[in-house]
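> Give me the fold of what follows.
(one chain, ligands or ions: 1)
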Amino acid sequence: MTEPSFRAPKGMQDLRGDALAGHVRLERIAARLFEGHGFREVRAPLLEERALYDRSSGETSEVVEKQMYVVRREDGDYALRPEGTPSVVRLYLQENLHKSEPFQRFWYAGPMFRYERPQKARLRQFHQLGVELLGSADPLHDADVISLGARFFAEAGLDGVRIKLNSLGCSNCRPAYREALLAFQREHAAELCDACRARMEKNPLRFLDCKAPGCRALRDQAPRIVLCADCDTHFGEVRSLLASAGIAFELDPTLVRGLDYYTRTLFEYCHSALGARDAVGGGGRYDGMVEEFGGPPTPGIGFALGVEATLVALEAAGRPPEKAAASIDLFVVLAGGATRTQIFGVVQQCRAAGAATSFGEPGKSVKSQMRAADGAGARHVVVLGETEFATGRCRVRDMATREEREIALADLGRACASQAR
Ligand code: HAM
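Modelled structure (predicted):
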C-alpha cells in the first residue's frame, strides 16, 4: 500500500467519534446556558474583509501581524476569521441595530483560524464559544458576563478555573499610562526582547504580557495604571458585584491580553493544566469598537472560551473522554431471501412510525451486521429475511437487556420508536 497523498493541514483536526462528541457536549452546554442568559445566536461568515481585523484586533496585535490567513481575490483581501468579536460588531452596524435596538446580546460558536505554532491546545483551526453584549457600559453586565463564563466551566465539570481580572482604563486615563510605560521601556530598552523593543513605540502595553524572561523580570518594576475616577468607580463596582456573588477572582495588573481593542474591564479564565499559556477563555470591554467601525459611541463587552483548551484541561483533570452517543432506535440486520423492496418498505415504515432506523450492508453475514449494530450503539436489533416477510412476524432484541420478544412486522416501528408520533 502506498502512503495516502493528502493529510489535513498542519494544526487542523478532523473531528469524529469520541473527539467530536467532546466538542458537541460543550457546544450544547454553551447553547443552553447562553440562550438562558438572554443571548441570541448569530452565525457570521467565516471570512471577513481583512481591514476589519486591522481596525479592531489591531495592527500591532500578534493575531493581525503574524497569524492571519489572508485570501486575495480580484475584489480585495479577505481573512479567515481569527476571532468572532469584530464580525458581531460589523453585523450590529450593518443591520442598523444601533438605531433600532441598540442593546443586544449575541452568542456564537464555531471555528477560528490563526497561523500559530501548533502544540497541545494550540491549533491553527480551533473552536470558540463566545458572547458579545452591545449597548451598555453598566458594570452589572461586566459581572454578569464574567459569571456566565465561570458557570460554563462549572457545568462542563472543569474545576480549578481561576479568573484573572484587570482594568485597562479608558481614553481619559490610558494615554498617560501608555506614555509612562513607553518612558519606562525607553529607559530599559537594552533589557527588552527584540520584539518588545521593535513595537514599543506603537504598542507599549504588549510588553506586559511578553513571555521573554528579560521582559518578565522587568515587568514587576513597570509603572501601574492610575485609573480616572469613572474607571475606578466602574472597576470597583465590578469587583464588589463579583465578590457579592461569591465569584473568586485574582487582580492581575499585568493582564493586557493580545488584542488592541480592550478598554476598562479585562478578564481571563485560566487553568494550570495548560502550562505557560494557561487561558481556557478570556474577554473584556471594547467600548470603542463600534465607533471605530463608523457607528455612534457604543460600549460592548464579551468573552470567548476555547473548546480545545477546555477539553485538554478536562482531560488533564481526569474526566473520562466523551463517548459518541447512540441515536439509533432500530438496526435491521439483513438475512437472505428478502427483496430490496421489502427491506426498503419496512425501513421507511419504521421511520414513519418514529423509530430512528438504520440497516446493515446487503450481502454481509448476519454476524458481521450484528457487530455493526453493536458498534452503532443501536437500542434494538431485528433480523429480517424470507421467513419474517412470509409470516409477518419478527423477533426484536433490546440491546440493553438482551431480551427478545416476538411481534408483528407491522408493529416493529412503533415498538422501537423513542419519539412518540
Ligand atoms: P482570545 O483570548 O484571543 O480572545 O481567545 C479566547 C480563547 O480562545 C483563548 O483563551 C483560548 O482558549 C482560545 N484560543 C485562542 N487561540 C487559540 C489557538 N490558536 N488554539 C486553540 N485555542 C485558542 C478572543 O478571541 C476575543 N475575541 C474574546 C472576546 C470576546 N473579547 C471580547 N469579546
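> all contacts plus neighbour counts: C-alpha atoms, from now on.
Noted.
> could you give the mean pLDDT of the lengthiest helix in the chain?
As assigned by DSSP state H, the longest helix anywhere in the chain is helix 17-36. The predicted model assigns helix 17-36 a mean pLDDT of 96.
> what does this protein have sitting close to the ligand?
Residues of the chain lying near the ligand by Cα under 6 Å from any ligand atom: 83-85, 114, 116, 121-124, 126, 128, 132, 279-284, 301-306, 308-309.
> Residue of the stretch 51-200 of the chain closest to the ligand, please.
Nearest residue of the stretch 51-200 of the chain to the ligand, counting by Cα to the nearest ligand atom: R122, 3.5 Å away.
> so that residue makes contact with Y115?
No. If you go by Cα atoms under 8 Å, R122 and Y115 don't touch, sitting 10.0 Å apart.
> quick one on the thing from earlier: so which bits of the longest helix of the chain are buried?
19, 21-23, 26-27, 30-31, 33-34 (16 or more other Cα atoms under 10 Å).
> Which of the residues of the chain next to the ligand fall in helices?
Among the residues of the chain next to the ligand, the ones falling in helices (DSSP H) are 85, 308-309.
> Residues touching the longest helix of the chain, excluding its own?
By Cα atoms under 8 Å, 6 or more residues apart in numbering, the surrounding residues in contact with helix 17-36 are 40-41, 107, 109, 129, 131, 148, 152, 155-156, 307-308, 311, 321-325.
> Following the chain past it, name the next helix or strand.
Heading C-terminal from helix 17-36, the first helix or strand you meet, by DSSP states H and E, is strand 40-41.
> and that following strand, which strands flank it?
Using DSSP bridges, strand 40-41 pairs in its sheet with strand 104-113 (parallel).
> any idea how far stretch 375-384 is from the chain center?
Put simply, stretch 375-384 sits 34 Å off its chain's centre (Cα atoms, centre = their mean, to the nearest Å).
> okay, now the domains of this structure?
For the chain, the structural domains run 17-173+225-316, 330-420, going by automatic domain parsing.
> what's the span of the longest one, first residue to last?
End-to-end distance for domain 17-173+225-316: 20 Å, by Cα to Cα, to the nearest Å.
> who's in contact with C231?
Applying Cα under 8 Å, 6+ apart, the residues contacting C231 are 167, 169-170, 264.
> So which of those wins on neighbours?
Within the contacts of C231, most neighbours by other Cα atoms under 10 Å means S167, with 27 neighbours.
> if I pick it, what's in contact with it?
Contacts of S167 by Cα under 8 Å, 6+ apart are 231, 235, 253, 263-266.
> Show the backbone phi and psi for it.
With angles defined as degrees, to the nearest 10, S167 sits at phi -130, psi 130.
> And it, how far from L251?
Look at S167 and L251: by Cα to Cα, they are 9 Å apart.
> Helices of the stretch 151-300 of the chain, start to end?
Assigned by DSSP state H, counting those that start in this stretch, the helices in the stretch 151-300 of the chain fall at 174-187, 194-199, 213-219, 229-244, 289-292.
> Dump those into JSON lines; add mean pLDDT and distance to A338 as well.
Below are the helices of the stretch 151-300 of the chain laid out as JSON lines (pLDDT from 0 to 100; distance: least, Cα to Cα, whole Å):
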{"stretch": "helix 174-187", "mean pLDDT": "92", "distance to A338": "78"}
{"stretch": "helix 194-199", "mean pLDDT": "89", "distance to A338": "72"}
{"stretch": "helix 213-219", "mean pLDDT": "89", "distance to A338": "73"}
{"stretch": "helix 229-244", "mean pLDDT": "98", "distance to A338": "67"}
{"stretch": "helix 289-292", "mean pLDDT": "96", "distance to A338": "65"}
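> Tell me which of those sits most buried.
Of the helices of the stretch 151-300 of the chain, the one with the most neighbours on average (mean count of other Cα atoms under 10 Å) is helix 289-292, at a mean of 19.
> R224: what's it in contact with?
177, 253.
> re the thing from before, out of the contacts of helix 17-36, which are buried?
In the contacts of helix 17-36, the ones that pass as buried (16+ other Cα under 10 Å) are 40-41, 107, 109, 129, 131, 148, 152, 156, 307-308, 311, 322, 324.
> does V396 sit in a helix or strand, and which one?
strand 393-398.
> That strand: what's the following helix or strand?
For strand 393-398, the succeeding helix or strand toward the C-terminus, using DSSP H and E, is strand 404-408.
> what helices or strands is that next one leaning on?
Helices and strands touching strand 404-408, by 3 or more Cα pairs under 8 Å, 6 or more residues apart in numbering; DSSP states H and E, are strand 393-398.
> which residues are in contact with the lowest-mean-pLDDT helix or strand in the chain?
Comparing helices and strands within the chain by mean pLDDT, DSSP states H and E singles out helix 62-66 as the least confident, with a mean of 83. Outside helix 62-66, the residues that touch it by Cα under 8 Å, 6+ apart are 53-54, 57-59, 82, 114-115, 258-259.
> Dump that helix to PDB, restricted to CA.
Output of helix 62-66 as PDB, limited to C-alpha atoms (Å, rounded to 0.1, in the frame of the first residue of the first chain):
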ATOM      1  CA  GLU A  62       0.100  39.200  17.100                       C
ATOM      2  CA  VAL A  63      -3.100  37.900  15.600                       C
ATOM      3  CA  VAL A  64      -3.100  40.500  12.800                       C
ATOM      4  CA  GLU A  65       0.600  40.900  12.500                       C
ATOM      5  CA  LYS A  66       1.600  37.300  12.100                       C
END
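> Just checking: what are the partner strands of the very next helix or strand once past that helix?
As assigned by DSSP H and E, the chain's next helix or strand after helix 62-66 is strand 70-73. Here strand 70-73 is paired, per DSSP bridges, with strand 76-80 (antiparallel).
> Quick one: residues in contact with the strand it pairs with.
46-51, 68-72, 112-113.
> Any chance of JSON lines for those, columns neighbour count?
Shown next, in JSON lines, are these (neighbours: other Cα atoms under 10 Å):
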{"residue": "L46", "neighbour count": "16"}
{"residue": "L47", "neighbour count": "17"}
{"residue": "E48", "neighbour count": "20"}
{"residue": "E49", "neighbour count": "16"}
{"residue": "R50", "neighbour count": "20"}
{"residue": "A51", "neighbour count": "15"}
{"residue": "M68", "neighbour count": "21"}
{"residue": "Y69", "neighbour count": "19"}
{"residue": "V70", "neighbour count": "15"}
{"residue": "V71", "neighbour count": "14"}
{"residue": "R72", "neighbour count": "11"}
{"residue": "M112", "neighbour count": "19"}
{"residue": "F113", "neighbour count": "23"}
